[in-house]
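Engineer: whatever this is, show me its structure:
(one chain, ligands or ions: 1)
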Amino acid sequence: MSRRSTRPRVLGWAAGALRGQDVFFEILDILHRGMRLRCPCCGHGRLFKSALRTYDRCQACDERFEREPGQSFGAVYVNLGLSGLLTLTAYLMTTTLFSLTMPQQRSILIPVAVLGPCLCFRLARGLWTSIIFLGEGLYLPWPNR
Ligand SMILES: [Zn+2]
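Structural biologist: The predicted structure is shown next:
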């Protein structure tokens, strides 16, 4: 039997049931579930069924991961930010920790900048799913553990 409810979820913090500190840690927990590539709602179901494809619904709680076609496009922006952060970190490390020449730095930074979006794809998708869940995933009683 599905645990899915048709009544809209009412966020506890929106109703004033949770304190600000509880809301902060709950948001961190939901983002952490996305970073672990798990369902942001329950934290148990896997997000990806293969390297690049996600499940439509959570295997554990039946929460839908993508509510509208194209909704996952926002993960591109998260991926862009993560890749930029990775490249900036590589740049700062090569300039401050090692005394590399400019061609040596380029030989490190260009592969990092090119491979970064590929390496960050799943993490960005998981984070974006959590962000979408925080903004719109209001269909089950919350918190749902
Ligand atoms: Zn779930």
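
Engineer: contacts only, for the residue positioned nearest the centre of the chain.
Structural biologist: By CA atoms, centre = their mean, the chain has its centre lying nearest to residue 127, at 0.8 Å. Taking CB atoms under 8 Å, 6 or more residues apart in numbering as the contact definition, residue 127 lies against 31, 34-35, 75, 78. The way it works is simple: take the backbone N, C-alpha and C, and place the C-beta from them, glycine included.

Engineer: around residue 43, how many other residues sit close by?
Structural biologist: 19 (other CB atoms under 10 Å).

Engineer: look up how far residue 55 lies from residue 37.
Structural biologist: 11 Å (CB to CB, to the nearest Å).

Engineer: any stretches of this protein with poor pLDDT?
Structural biologist: Residues of the chain meeting the criterion pLDDT under 70: 1-19, 136-145.

Engineer: just give the closest residue to residue 126, not the sequence neighbours.
Structural biologist: Closest residue to residue 126 apart from its sequence neighbours, by CB to CB, 6 or more residues apart in numbering: residue 34 at 4.1 Å.

Engineer: ok, that neighbour touching residue 124?
Structural biologist: No: look at residue 34 against residue 124 with CB atoms under 8 Å: they stay out of range, at 9.5 Å.

Engineer: got the phi and psi for residue 38?
Structural biologist: phi -120, psi 170 (degrees, to the nearest 10).

Engineer: so in terms of bridging, what pairs with it?
Structural biologist: Judged by DSSP bridges, the bridge partners of residue 38 are residue 46.

Engineer: same question for the helix or strand where residue 123 lies: list its buried residues.
Structural biologist: Using DSSP states H and E, residue 123 falls within helix 102-136. Across helix 102-136, burial judged by 16 or more other CB atoms under 10 Å covers 109, 112-113, 116-117, 120-134.

Engineer: what does this protein have sitting close to the ion?
Structural biologist: Those residues of the chain that sit near the ion, judged by CB under 5 Å from the ion, are 39, 41-42, 45, 58, 60-61, 63.

Engineer: just the ones of these in strands?
Structural biologist: Secondary structure defined by DSSP state E assigns none of these to strands.
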